[in-house]
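Chemist: Compute the structure for the input listed below.
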Amino acid sequence: MINPAWLRSFCTLVDVGHFTHTAERLHMTQSGVSQHMRKLEEALGVELLVRDGKKFSLSDAGERLYAKAQDILQALSNLEQSVGEDPPYEGMVRVMSPGSVGLKLYPHLLALQKKHPKLIIDYRFAPNSDVENAIAESTVDIGFMTSKSTLADVSCTPVAEESLLLVTPATVEMPDWETLMAIGFIDHPDGSHHANLLMGANFPEFQHIHQFSRKGWSNQIGLILEPVSLGMGFTVLPAYAVEAFHKPKQIKAHRLSNPVSETLFLCGRRQRAMQKRMETVIAEARRWL
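Modeler: Numbering: from 1, shown residues only. Model prediction:
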């Protein structure tokens, strides 16, 4: 009989990719994680991890086990939840959203956890496509997306509107076309999409983002406005990300004559039971969004 704890350690190790970090996440020792891997390999009679010093990759058998073990663990989790108690302020809730939404929500959800220490918030920052896939694969409980999912297993409900803002250095009073062309664009993973929406609605000269010289790029939501604050270019970001920037006096957010917003969707796996602790987190999120 395979111990489910071994499977949980195995799947977590594959997800995290590091023995020490896996031990921290599971509140175990590193030797305990290694022991679980050894017992699992002995029980199955196959090599699951191909080790190379401190690094590892999955063997073919490991790949097959990982694919099946997640379903087994999810089934066990659902069984435990269905027959056990369902307290509103206890247990882990896994949340995933784009960075701008996370900047807005995460501090408030941490405050909720501080108020209810048995409620554990696991928050991941990720683009829409990753959120969608995580919901479909049940690796997160609650997702927020700025576009509606196309997957049949993912349900989406509109919960808020997130304004897009043109952000320049603080010295720019009027962001006319000539000024923007002169200072250039600070890009980010959603930069082209956001710029197309907002710039296209407000500047008749706008055709595509490549009209502007590209003065920088960052995939860290909290750092995108750093070069803007230094006068190196402008960008387009959701209001949540702008509100969270720690140097507000060094940037200027412009609300243009034709406002543009993205709809924010609350997403979950269709036909999956919603535990009370998840409802608690959703209610808190709605409060701040």
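Chemist: If you count contacts, what does the helix or strand hosting Y240 end up packed against?
Modeler: Taking DSSP states H and E as the criterion, Y240 maps to helix 239-243. The contact analysis (3 or more C-beta pairs under 8 Å, 6 or more residues apart in numbering; DSSP states H and E) places helix 239-243 against helix 99-115, strand 154-169, strand 251-254. C-betas here are computed from N, CA, C, even on glycine.
Chemist: Tell me which of these approaches S138 most closely.
Modeler: strand 154-169 (10.6 Å; C-beta to C-beta).
Chemist: can you give me the helices in the stretch 151-289 of the chain?
Modeler: Under the criterion DSSP state H, counting those that start in this stretch, the stretch 151-289 of the chain carries helices at the ranges 177-183, 191-202, 225-229, 239-243, 276-288.
Chemist: a markdown table please, covering the ones you listed and showing mean neighbour count.
Modeler: Formatted as a markdown table, these follow (neighbours: other C-beta atoms under 10 Å):
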| stretch | mean neighbour count |
| --- | --- |
| helix 177-183 | 14 |
| helix 191-202 | 19 |
| helix 225-229 | 22 |
| helix 239-243 | 21 |
| helix 276-288 | 17 |
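Chemist: before we move on, the earlier item: reformat the helices and strands packed on helix 239-243 as TSV; add mean neighbour count, mean pLDDT and distance to E205.
Modeler: Shown next, in TSV, are the helices and strands packed on helix 239-243 (neighbours: other C-beta atoms under 10 Å; pLDDT from 0 to 100; distance: least, C-beta to C-beta, whole Å):
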stretch	mean neighbour count	mean pLDDT	distance to E205
helix 99-115	18	95	27
strand 154-169	19	96	14
strand 251-254	18	97	16
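Chemist: still on that earlier bit, contacts for the helix holding Y240, please.
Modeler: Helix 239-243 is touched from outside by 99-101, 103-104, 162-165, 167, 221, 224-225, 251, 253, with contacts defined as C-beta atoms under 8 Å, 6 or more residues apart in numbering.
Chemist: taking the mean pLDDT, what do you get for it?
Modeler: In this model, helix 239-243 has a mean pLDDT of 93.
Chemist: same check, this time on stretch 213-225
Modeler: Here the average pLDDT along stretch 213-225 is 94.
Chemist: going forward, begin numbering at 39 instead of 1
Modeler: Let's use 39 as the start, then, which means that last one is stretch 251-263.
Chemist: Straight-line length of it, end to end?
Modeler: End-to-end distance for stretch 251-263: 17 Å, by C-alpha to C-alpha, to the nearest Å.
Chemist: try stretch 276-291
Modeler: One end of stretch 276-291 to the other measures 10 Å (C-alpha to C-alpha).
Chemist: how far out from the middle of the chain is it?
Modeler: Stretch 276-291 sits 20 Å away from the centroid of its parent chain (C-alpha atoms, centre = their mean, to the nearest Å).
Chemist: Quick one: the strands in the stretch 39-188 of the chain, in order.
Modeler: Along the stretch 39-188 of the chain, counting by DSSP state E, counting those that start in this stretch, strands occupy 87-90, 93-96, 129-135, 157-163, 180-183.
Chemist: Against V192, how distant is R63?
Modeler: Distance, R63 to V192, by C-beta to C-beta, to the nearest Å: 25 Å.
Chemist: One more: D124?
Modeler: Remark: distance between D124 and V192 (C-beta to C-beta) = 23 Å.
Chemist: rewinding a little: columns mean neighbour count, mean pLDDT and distance to L45 on top of the strands of the stretch 39-188 of the chain, output as JSON lines?
Modeler: Listed next are the strands of the stretch 39-188 of the chain as JSON lines, based on neighbours: other C-beta under 10 Å; pLDDT from 0 to 100; distance: least, C-beta to C-beta, whole Å:
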{"stretch": "strand 87-90", "mean neighbour count": "13", "mean pLDDT": "89", "distance to L45": "14"}
{"stretch": "strand 93-96", "mean neighbour count": "14", "mean pLDDT": "90", "distance to L45": "14"}
{"stretch": "strand 129-135", "mean neighbour count": "21", "mean pLDDT": "96", "distance to L45": "17"}
{"stretch": "strand 157-163", "mean neighbour count": "17", "mean pLDDT": "96", "distance to L45": "19"}
{"stretch": "strand 180-183", "mean neighbour count": "26", "mean pLDDT": "96", "distance to L45": "24"}
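Chemist: Pipe those strands into JSON lines and attach distance to R310 per row.
Modeler: What follows is the strands of the stretch 39-188 of the chain, written out as JSON lines (distance: least, C-beta to C-beta, whole Å):
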{"stretch": "strand 87-90", "distance to R310": "31"}
{"stretch": "strand 93-96", "distance to R310": "28"}
{"stretch": "strand 129-135", "distance to R310": "13"}
{"stretch": "strand 157-163", "distance to R310": "17"}
{"stretch": "strand 180-183", "distance to R310": "11"}
